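Enquirer: Show me the folded form of this:
(2 chains)
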Amino acid sequence: MAQLLQHLINGLAAGTIYALVALGYTMVYGVLKLINFAHGDVMMVGVYMGYATAFALGRDMRSSLLGVAVVFAVAMLGCALLGFLIERFAYRPLREKPRLTALITAIGISFALSYGFQLDLGFLPGAAPRAFPEVIEPVEWLVIGDRDVVVWNWQVISFGIAVALMVGLQYLVFRTRFGRAMRAVSWDHRVAALMGIPTDRVIALTFMLSSALAAGAGLLYAIKDTSVSPLMGLYVGLKAFVAAVIGGIGHVPGAVVGGLVLGLVEEFVVGYAASTWRDAVAFGFLILVLLVKPGGLFGRVAAEKV
Amino acid sequence: MRRLAPMLLAALAVMVAACEKKTQPAPSGEGGTQAAQGQGAAPGGAPADANTILLGQVGSLTGGQATFGISTRNGIELALKEANAAGGVKGKKLSIRVYDNQSKPEEAAQAATRLITQDKVALILGDVASSNSLAMAEKAQAAGVPMITPSSTNPTVTDKGDYIFRVCFIDPFQGFVMAKFARENLKLNTVAVLQDNKSAYSIGLADVFTRKFTEMGGKVTAVESYSQGDTDYRAQLTAIRKSQPEGIYVPGYYSEVGIIARQAREVGLKVPLMGGDGWDSEKLFELGGSAIEGSYFSNHYSPDNPDPRVQKFIADYKAAYGAVPDALAALGYDSARVAVSALERAKDLSGPSVRDAIAQTKDFPGVAGTVTLDAQRNAVKSAVVLKVEDGKTQYVTTINP
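Expert: Modelled structure (predicted):
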């Protein structure tokens, strides 16, 4: 029982991060019908920004509340800028080209970032994985039995931050003017433009938002697994993409559910079946969902898209 | 939404194709050919240059095992510098072309093909990870180009054929060393195994360890696995914890082991971790922090060895690269020196003559032990067990074959 609880906690911790990254895929897909394969790598860049900021702040400063806020703010703003630049210079010129062109560009940017960050140029971090500084000093908040179940402060804090980001996003999309504009663009960007919605600006803002979310998710991931490497984006990005598709890509709550489901499925397969099967089951689950419901768990033709 | 499925398939297909074909190894510039520049290789190749003998290296200079490839390259570079300073081989200078395999077997095979068909190298050195060396060995054997792997310990690598050699011991021996150490020195009765399912090296070590440890009267309580690149091992460790082992054998690579150590302590596992030479990297201490303290691993050499030859190598290496050489640098150095000695003894530079010369290597004094190649083209030598203490390794004992 205790073990079940521990697996549940672990699975939720992984799942919320998949969910946050999946939200970025879903938002961009919603407005552009583009699967932004560079999303995971933008996340990776965000983690390195946080890494650099944490070191610049020094050991005492970075584990204070203000320090954590500064680390997150720098990484999220930095990534918003990166997202803006990628959209402006890589995707916007291809807006009216066939969709496959933009897709391949996305893959190109993904590789440019993940391999570019491995170059040994002095100011770049190099290929080897690095230990991520403990911006949240690990403290055990709850211990049951002989360490049968352990809940750490960062697990709770991460969960809180993730939920806050999701609620904030939900509010933004469904309760604000900008959200309405986003939804309009996602229905049909030409008609939206005719109605006077500045589609280019909406799309740019969507990219910035999704990139900032990715940076936040990446930092939570790096805090959880205490490491950062140039290839982390490819790996987390692929998993989150699967999560987004399971939930129904383009659907905001779907991405959240998809992420949580994927995190829990992985954890329980490893915990109770064989760890060898983890990825097979995760991707098998994706295939199953696509066979039964090609649009994903929540993807209906009439589903509201973001 | 129905249009999504075919589009996804197309996207994944592109992704997979891109993963496999991604980048051609850089012909010049970039990190990959620093060694080549150091040796004054003519830009653009010129393999037929009458005054140089061109060697090739394929190494993981980027990717998850980057420090392996870089250490190996440094060791090789140092050995070749020394050989050239001493007048080269048969009156010719040695130069080396280095390609990156991004820590991936597909890239390793492609780079090996390139060295063979385009650069026409006399001999290939590399790689560290057995999966990559296996991919290269296939190509080298088919083309009849001799290949020496400095530190791939999986037995199947040299099984690829009579052109493939190694200057290190093999996995069965390394697994045996740790099983013996766990049973006799640490007096452990129960051990759990956590292996990397994507790595031939890790599976090989885990298999032999499990068999030997059981033969010696111990019990393996759980066998769990992960994939290279994972960063969350809590599920496996929670399952291992339930089986209550007295130690955990983690024959993986440093990039994962450091994180595994942290998470093992986090889920409440306090028992010592044990591993193989894949742990050998400065990065292990950074990634593992205090969690990796008190762990043990088997290795090829220890920098504490007082042998003057070893100490001279360490001093030279430090002067050139500003770091204490790890075992992979030492093996890289040894592999290049064995290669140089073989090229010297070979009657000409054709594949078969060089192969015969390498095969005759006997009692060669390397910095990571004396190299004698057996009939299976493997080096027969002893291993050391090191303990992690205060952020560095401490020599514990030597275990003989």
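
Enquirer: Could you check how far residue B:179 is from chain A?
Expert: 22 Å (Cβ to the nearest Cβ, to the nearest Å). Quick note: C-beta positions are derived from backbone N, CA and C, even for glycine.

Enquirer: Please, which helix or strand holds that residue?
Expert: Element membership for residue B:179 (DSSP states H and E) is helix B:171-180.

Enquirer: for the chain, what spans make up the strands?
Expert: Looking at chain A here, since you left the chain open. Applying DSSP state E to chain A gives strands spanning A:130-131, A:140-144, A:149-152, A:227-228.

Enquirer: think we crossed wires, I meant chain B
Expert: B:52-59, B:93-100, B:123-126, B:147-149, B:164-166, B:190-196, B:219-226, B:247-249, B:273-275, B:296-299, B:364-366, B:369-371, B:383-389, B:392-399.

Enquirer: Enumerate the residues of the stretch 51-200 of chain A near chain B.
Expert: Residues of the stretch 51-200 of chain A that fall close to chain B, judged by Cβ under 8 Å from any Cβ of the partner chain: A:99-100, A:103-104, A:107, A:111, A:115, A:118-120, A:126-131, A:138, A:146-148, A:150, A:152.

Enquirer: Weed out the non-buried ones from the residues you listed.
Expert: A:99, A:103-104, A:107, A:111, A:115, A:118-119, A:126-131, A:147-148, A:150, A:152 (16 or more other Cβ atoms under 10 Å in any protein chain shown).

Enquirer: Now go through those and say which are in helices.
Expert: Of the positions in those, A:99, A:103, A:104, A:107, A:111, A:115 sit in helices, assigned by DSSP state H.

Enquirer: Excluding chain neighbours, what is closest to the last one?
Expert: Sequence neighbours aside, residue B:62 is the residue nearest to residue A:115 in space, at 6.9 Å (criterion: Cβ to Cβ, 6 or more residues apart in numbering or on different chains).

Enquirer: Tell me who's in contact with the nearest residue to residue A:15 once chain neighbours are set aside.
Expert: Nearest residue to residue A:15 in three dimensions, chain neighbours excluded: residue A:263, at 2.5 Å (Cβ to Cβ, 6+ apart). By Cβ atoms under 8 Å, 6 or more residues apart in numbering or on different chains, residue A:263 lies in contact with A:11, A:12, A:13, A:14, A:15, A:16, A:17, A:18, A:19.

Enquirer: where along chain A do the helices fall?
Expert: So, for chain A - with DSSP H - the helices run A:2-32, A:39-57, A:59-62, A:65-86, A:99-116, A:153-175, A:177-187, A:189-194, A:199-225, A:232-247, A:252-272, A:278-292.

Enquirer: Comparing the ones you listed by mean pLDDT, which bottoms out?
Expert: Per-segment mean pLDDT for the helices of chain A reaches its minimum on helix A:59-62, at a mean of 75.

Enquirer: And that one, what does it pack against?
Expert: Packing contacts for helix A:59-62, counted by 3 or more Cβ pairs under 8 Å, 6 or more residues apart in numbering or on different chains; DSSP states H and E, involve helix A:39-57, helix A:65-86.

Enquirer: from the chain's centre, how far out does the longest one sit?
Expert: This points to helix A:65-86. When C-alpha coordinates are averaged (Cα atoms, centre = their mean, to the nearest Å), helix A:65-86 and its chain have centres 14 Å apart.

Enquirer: and it with helix A:2-32, angle?
Expert: 40 degrees (axes from the mean of the first three to the mean of the last three Cα atoms, to 10 degrees).

Enquirer: How is chain B divided into domains?
Expert: Residue ranges for the domains of chain B, per automatic domain parsing: B:18-169+B:309-381, B:171-299.

Enquirer: Could you say which one of these comes nearest to residue A:49?
Expert: Taking Cβ to Cβ, domain B:171-299 is the member of those nearest to residue A:49, at 18.6 Å.

Enquirer: how long is the closest one end to end?
Expert: Terminal residues of domain B:171-299 are spaced 11 Å apart (Cα to Cα, to the nearest Å).

Enquirer: about what we covered before: could the strands of chain B go into a markdown table alongside mean neighbour count and distance to residue A:34?
Expert: Listed next are the strands of chain B as a markdown table, based on neighbours: other Cβ atoms under 10 Å in any protein chain shown; distance: least, Cβ to Cβ, whole Å:
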| stretch | mean neighbour count | distance to residue A:34 |
| --- | --- | --- |
| strand B:52-59 | 28 | 37 |
| strand B:93-100 | 26 | 31 |
| strand B:123-126 | 31 | 40 |
| strand B:147-149 | 30 | 44 |
| strand B:164-166 | 28 | 47 |
| strand B:190-196 | 25 | 35 |
| strand B:219-226 | 20 | 33 |
| strand B:247-249 | 25 | 44 |
| strand B:273-275 | 26 | 43 |
| strand B:296-299 | 27 | 46 |
| strand B:364-366 | 17 | 55 |
| strand B:369-371 | 21 | 56 |
| strand B:383-389 | 21 | 47 |
| strand B:392-399 | 16 | 49 |
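
Enquirer: Need the domains of chain B in TSV (columns: mean pLDDT).
Expert: Below are these laid out as TSV (pLDDT from 0 to 100):
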stretch	mean pLDDT
domain B:18-169+B:309-381	84
domain B:171-299	91
